[in-house]
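1. Turn this into a structure:
(chains A and B)
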Amino acid sequence: MLRQSWQIFLKDVRMELRGKEALNASLAFALVVLILFSFAIDPTSEQIREISGGLLWILFAFSGVLLVNRSFLREQSNDCLDVLLVNRVPASALMLGKTFANLLFILMIEAVCLPVFSVLYNINLFQLPLWLLGICLLASWAIAILGTVFAAMTVNLRLRELMLPVILYPMIIPALAAAMYLTNIVSVGKVPEGDDLIWVRLLIGFDVIFTTLALGLIDTILVD
Amino acid sequence: MSVLSAGKVSKFFGNFPALRNLNFTLEAGDCVALLGRNGAGKTTLIHLMSGLSRPTEGTLEITRRVSLLGHGIGVYDELSARENLLFFAGLATVPVDVEAWLEKVNLKDVADAPLREYSRGMRQRLALARAFMGEPELLLLDEPFTSLDDKATALLQTLLAQALARKATIVLSTHQIPEAMALATRILFLERGKLAYAGPRPEEMLTDSTWLYRTYGAIS
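-> Residues are numbered from 1 along each chain as shown, chains lettered A, B, ... in the order given. Here you go, the predicted structure:
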């Protein structure tokens, strides 16, 4: 299964990097929103530090949807998804490969947006780089795994671009709330401790629960 | 040896019975022509046999490696022919010589060009390579002769003959009776979701491609 997931991951990354359709659209969207907000809010105010986590993770959730939406659309043309399933590629392997590809794309967007945010809003987000990396990995995985499952569910709908965010965002609120809170803390150079660690546990628990559910349900979602 | 066995298989879409109470088995080395008019349930049955869809009632057991060539060609436009075949070879459970397949379908010289630049015939030859490589034991082909040129038709017939020689089981859903009868050893004839005929290819079908439709085609 891991070999097949790896093949799916490599194929999705190769296809996206060749066209860069979703990556370019997602990055452009994220940068435009960052720039627009920098005009709307005084970048030197203390207020911006308090909402930085919220602003960033709403931005990553929105731009992430643009990326995960493409996951199963790639398989739609020429009925490639049917061929993969008939070739006995386990649905869970397909799911994992696509989720890791989406995770990589979301992290690429974050890698560009975080420094831009730091410059535009005059906030050093990188005071605790390992903590920031950990938060990004855990929260991005949450967006990627849930986004990929819901992309599989909505791929045959005519209004999939609308339906995916409508069903994804309410489900992902706990993970986003945790990521927002933790990002706010690490952006002031404070290591999360005591009660703050509840949010870390929530983020990890969210990822474990929804990854398990996704791998268990994907076969039912994709077949028939 | 049974490759696929269907017992009392029915498939409903809502209340509409697409397939009703099908019973049949496929043996290794069978070449089965799946015939029927439009809407008879051929594609639905192919989907059931491929595992893409599950029967509403009954059981369907598939014991072998399956490959499907459906209405879509099942390859990625964003990748080259070589990348497509390497990808599917990477998923296969048996080793596949991708270069030999590129040679066999006459795409070696253009193997690194993006698929978007290919003609329709070239894309179909690549689809044939994708479907036949990895020596599948059960080949499900839905309208495989449709819009093939003479060279691609000859290639498909060669690949089918080679697959039969190694005792693969082939199911051909088609309206092109003469091409199918040249290879078929058995026939499954569907009429409005029911199996109107399941058995050896009648000799009459070699000379009269409508014989089965006239003889078995009016069940209620």
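2. so is the residue in chain B positioned nearest to chain A in a helix, a strand, or just coil?
-> Residue of chain B nearest chain A, by Cβ to the nearest Cβ: B:G72 (2.8 Å). Every residue, glycine included, has its C-beta placed from N, CA and C. At B:G72, secondary structure determined by DSSP: H, G, I helix; E, B strand; the rest coil is coil.
3. Which parts of chain A are helices?
-> Counting by DSSP state H, chain A has helices at residues A:2-19, A:21-40, A:46-68, A:73-76, A:80-86, A:91-121, A:129-154, A:160-187, A:197-222.
4. The last one packs against which elements?
-> Helices and strands touching helix A:197-222, by 3 or more Cβ pairs under 8 Å, 6 or more residues apart in numbering or on different chains; DSSP states H and E, are helix A:91-121, helix A:129-154, helix A:160-187.
5. Quick check: the gap between the most centrally placed residue in chain B and B:L69.
-> Here the mean C-alpha position of chain B is nearest to the C-alpha of B:L141 (Cα atoms, centre = their mean), at a distance of 1.4 Å. Going from B:L141 to B:L69 by Cβ to Cβ, to the nearest Å gives 5 Å.
6. who in chain A is up against chain B?
-> Remark: the part of chain A in contact with chain B comprises A:3-4, A:7, A:10-11, A:14-15, A:18-19, A:74, A:77-80, A:82-89, A:223-224, using Cβ under 8 Å from any Cβ of the partner chain.
7. So how do I select the buried members of these in ChimeraX?
-> Buried members of the residues of chain A next to chain B, defined by 16 or more other Cβ atoms under 10 Å in any protein chain shown, are picked up in ChimeraX with:
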select /A:4,7,10,11,15,74,78,79,80,82,83,84,85,86,87,89
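8. Give the buried residues for the helix or strand where the residue nearest to the centre of chain B lies.
-> Assessed by DSSP states H and E, B:L141 sits inside strand B:138-142. Neighbour-count burial for strand B:138-142 flags B:L138, B:L139, B:L140, B:L141, B:D142 (criterion: 16+ other Cβ under 10 Å).
9. Work out the sheet partners of that strand and label each with its direction, please.
-> In the sheet, strand B:138-142 lines up against strand B:66-69 (parallel), strand B:169-173 (parallel) (DSSP bridges).
10. Lowest average pLDDT across these?
-> Of all the strands paired with strand B:138-142, mean pLDDT reaches its minimum on strand B:66-69 (a mean of 88).
11. Who are the packing partners of whichever helix or strand comes after that strand?
-> Note on strand B:66-69: by DSSP H and E, the next helix or strand toward the C-terminus is helix B:81-91. Applying 3+ Cβ pairs under 8 Å, 6+ apart, we find helix B:81-91 packed against helix A:2-19, helix B:98-104, helix B:120-132.
12. pLDDT on helix B:81-91, on average?
-> Across helix B:81-91, the average pLDDT comes to 92.
13. now that helix against helix A:91-121, angle please.
-> 120 degrees (axes from the mean of the first three to the mean of the last three Cα atoms, to 10 degrees).
14. what residues does helix B:81-91 touch?
-> Helix B:81-91 is contacted from outside by A:3-4, A:7, A:10-11, A:14, A:83-84, A:87, A:89, B:75-76, B:79, B:95-96, B:98, B:101-102, B:107, B:110-113, B:115, B:118, B:122, B:126, B:129-130, B:133-134, using Cβ atoms under 8 Å, 6 or more residues apart in numbering or on different chains.
15. Now do the strands in chain B.
-> Remark: strands assigned in chain B by DSSP state E are B:2-13, B:16-27, B:31-36, B:57-62, B:66-69, B:138-142, B:169-173, B:186-191, B:194-200.
16. Got the domain ranges for chain B?
-> B:2-64+B:137-216, B:74-134 (automatic domain parsing).
17. Make JSON lines out of those and add distance to A:G194.
-> Shown next, in JSON lines, are the domains of chain B (distance: least, Cβ to Cβ, whole Å):
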{"stretch": "domain B:2-64+B:137-216", "distance to A:G194": "51"}
{"stretch": "domain B:74-134", "distance to A:G194": "48"}
